[in-house]
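Asks: Quick one, fold the following:
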Amino acid sequence: MSRDTLTVIDNRTGCSYELPVVQGTVKAMDLRQIKAGEDDFGLMSYDPGLTNTASAKSAITFIDGDQGVLRYRGYPIEQLAANSTYLETAYLVIFGELPTPEQLTQWEWNISHHGMLHVNIQHLIEAFRYNAHPMSVFISATASLSTLYPDARKVQDPVNRRLQAERMLAKAATIAAFTYRHNQGWPCNFPDDGLSFIGNFLKMMFRMTEVHYQPNPILERALNVLFILHADHEQNCGTNAMRVIGSSQADPYSALAGAAAALYGPLHGAANEAVLRMLEQIGTPGNVPAFLEKVKNGEGERLMGFGHRVYKNYDPRCRIIKKTAEEVFQVTGRNPLLDVALELERIALQDDYFISRKLYPNVDFYSGLIYRAMNLPASMFTVMFAVPRTCGWVAHWMELMEDPEQKISRPRQIYTGAPPRDCGPRNQRAAATYNV
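Replies: This next block holds a predicted model:
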């Protein structure tokens, strides 16, 4: 019978080591016993980007990238998108189970009654230039919440943590809506607890002169689906940032701002903005073949919205969002860029160049088209990602706070700098040469 261990022979010394294998992993600290001599620090693993390192145990999200599977707390994403609302899914992601009707009613009430922003935060948003990037405003306003809620620093108190979780979910939506309105030069619409979470968000974003604003049910449902798809995605860059900052026991608003800052990057949450700009650049379906040839030949073009660090198959979220886009266009009118996207997907999925590299459409490929159909500028797309992802960040922060194995994040490094040397008098130093 095989044992759940790994035998390592150090050819430098001839010594043999038996390391436990737990859930398909070897503890990095177990490598430290492998030394070339008494003064040796011990072996470390080197993994830039943490591409093959598990930094946490989590019960929240399961991904099988090879099979194209995504589950929240065991539930397939397809079923949640079809049968749930965003707030139901947020409850599931954060607390581990879908709410009962009574729990959902209380949860919805709690979130709606935390939707108001202190006037200080509204004034902060209004202090930015009208053309400030919405994500910069969102990050700043989110971080500033810690000045209003000093009790958030009591991260060891589970009751307090739940209060902050409700605040973060509610206020992220209001900050996003106020930021959009400010960029447009329009007055803010305040929260309306007579509407659903998504309906209220649409009203805060888009109400103009209507006395009684009623969100279009198709758009409300589409945004529910989009928010569910974006609620969590395991240990991505933004979530890792939330956990790293949270590991210092910083208040959750500061950690949330750090996670949003990570999302801001074009290799992370800003990818759907890049997809839209790519489709606009291509222009028409007839230009797709020439564009893809430039991609394959390395002629300065990149295929945005294809490929994923985890998925080596069709992103399961993409199938759902593609169908949702068609439903949205029935209300808003068909965006001609959808035809460009469909042609791009059709040709790429038949081309051995992209198939061999396992480059399939991901969730960013169609989401930007939906947001554009809702008349949102491309600069708002990442904010529309940050609002629902707040629930995932909150869930991972709460899980981190309850994990007895977690410590403050402090990775090792491999030093590649200068050897020991002396610092002489200033007038004897040679001119420095810098690597720019």
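Asks: In contact with residue 92: list those residues for me.
Replies: 72-73, 75, 80, 84, 98-99 (Cβ atoms under 8 Å, 6 or more residues apart in numbering). From N, CA and C alone the C-beta is placed, and that goes for glycine too.
Asks: isn't there a helix covering it?
Replies: Yes: secondary structure assignment places residue 92 in a helix (DSSP: H, G, I helix; E, B strand; the rest coil).
Asks: so how far is residue 125 from it?
Replies: 31 Å (Cβ to Cβ, to the nearest Å).
Asks: for residue 219, same thing?
Replies: Residue 219 is 24 Å from residue 125, where distance means Cβ to Cβ.
Asks: Who has more neighbours out of these two?
Replies: The neighbour comparison of residue 219 against residue 125 (other Cβ atoms under 10 Å) goes to residue 125, with 23 against 20.
Asks: Quickly note the distance from that one to residue 260.
Replies: According to Cβ to Cβ, residue 125 and residue 260 sit 14 Å apart.
Asks: repeat for residue 318
Replies: Relative to residue 260, residue 318 is positioned 24 Å away (Cβ to Cβ).
Asks: what's the answer for residue 74, then?
Replies: According to Cβ to Cβ, residue 74 stands 28 Å off from residue 260.
Asks: Looking at the two, which has the bigger crowd around it?
Replies: residue 260 (31 against 11).
Asks: quick one, phi/psi of the more buried one?
Replies: Phi and psi for residue 260, reported as degrees, to the nearest 10, are phi -70, psi -40.
Asks: Surely it and residue 137 touch.
Replies: No: using Cβ atoms under 8 Å, residue 260 makes no contact with residue 137, being 10.6 Å away.
Asks: hmm, back to that, sort out for me which of the contacts of residue 92 are in strands.
Replies: Using DSSP state E, the members of the contacts of residue 92 that fall in strands are 72, 75.
Asks: Among the contacts of residue 92, which one sits closest to residue 339?
Replies: Nearest to residue 339, judged by Cβ to Cβ, of the contacts of residue 92 is residue 80 at 29.6 Å.
Asks: Can you list the residue ranges for strands in the chain?
Replies: Under DSSP E, the chain gives strands at 5-10, 15-20, 61-64, 69-72, 75-76.
Asks: and the residue nearest to residue 285 when sequence neighbours are not counted, how many neighbours?
Replies: The shortest distance from residue 285 to any non-neighbouring residue, by Cβ to Cβ, 6 or more residues apart in numbering, is to residue 343 (3.9 Å). Per other Cβ under 10 Å, the neighbour tally for residue 343 reads 18.
Asks: thinking residue 343 is in contact with residue 283, fair?
Replies: No: counting by Cβ under 8 Å, residue 343 stays clear of residue 283, with 11.4 Å between them.
Asks: so what pLDDT did the closest residue to residue 13 other than its chain neighbours get?
Replies: Counting by Cβ to Cβ, 6+ apart, residue 13 lies nearest to residue 36, which is 6.1 Å off, once chain neighbours are set aside. Per-residue confidence (pLDDT) for residue 36: 91.
Asks: burial count for residue 36?
Replies: The burial count for residue 36: 13, using other Cβ under 10 Å.
Asks: can you pull the contacts of residue 350?
Replies: Applying Cβ under 8 Å, 6+ apart, no residues contact residue 350.
Asks: quick one: the residue most central in space within the chain from residue 13, how far?
Replies: Residue closest to the mean C-alpha point of the chain, counted by Cα atoms, centre = their mean, is residue 238 at 5.0 Å. Look at residue 238 and residue 13: by Cβ to Cβ, they are 42 Å apart.
Asks: And residue 19, by the same measure?
Replies: To residue 13, residue 19 is 16 Å away according to Cβ to Cβ.
Asks: Check the gap between the closest residue to residue 70 other than its chain neighbours and residue 224 for me.
Replies: For residue 70, ignoring the flanking residues on the chain, the nearest one in space by Cβ to Cβ, 6+ apart is residue 77 at 4.4 Å. For residue 77, the distance to residue 224 (Cβ to Cβ) stands at 13 Å.
Asks: before we move on, what about residue 242?
Replies: 23 Å.
Asks: Check residue 400 too.
Replies: 28 Å.
Asks: Which helix runs longest in this structure?
Replies: In the chain, taking DSSP state H as the definition, the longest helix is helix 158-184.
Asks: Just the buried residues of that one, please?
Replies: 160-161, 163-183 (16 or more other Cβ atoms under 10 Å).
Asks: Count the neighbours of the nearest residue to residue 208 once chain neighbours are set aside for me.
Replies: Among residues not flanking residue 208 along the chain, residue 186 sits closest, at 7.8 Å (Cβ to Cβ, 6+ apart). Using other Cβ under 10 Å, residue 186 has 13 other residues around it.
Asks: What of the one 3 residues further on?
Replies: The number of residues packed around residue 189, counting by other Cβ under 10 Å, is 19.
Asks: Same question for the one 5 residues further on.
Replies: Each residue near residue 194 was counted by other Cβ under 10 Å, and the total is 10.
Asks: Pull up the gap between it and residue 212, please.
Replies: 10 Å.
Asks: same question, residue 369
Replies: 30 Å.
Asks: Looking at these two, which one has more neighbours?
Replies: The residue with more neighbours, out of residue 369 and residue 212, is residue 369; 23 against 6, by other Cβ under 10 Å.
Asks: my guess is the more buried one meets residue 276, correct?
Replies: Yes: contact between residue 369 and residue 276 holds when scored by Cβ under 8 Å: they sit 7.1 Å apart.
Asks: For these two, list the residues in contact with both.
Replies: Residues touching both residue 369 and residue 276 by Cβ under 8 Å, 6+ apart: residue 337.
Asks: domains of this protein?
Replies: Domain assignment for the chain by automatic domain parsing gives 1-48, 78-266+378-401, 271-373.
Asks: Need the pLDDT of residue 436.
Replies: At residue 436, pLDDT is 55.
Asks: hang on, the earlier thing: OK, contacts around the residue nearest to the centre of the chain?
Replies: Contact analysis of residue 238 by Cβ under 8 Å, 6+ apart lists 259-260, 262-263, 268-269, 389, 393.
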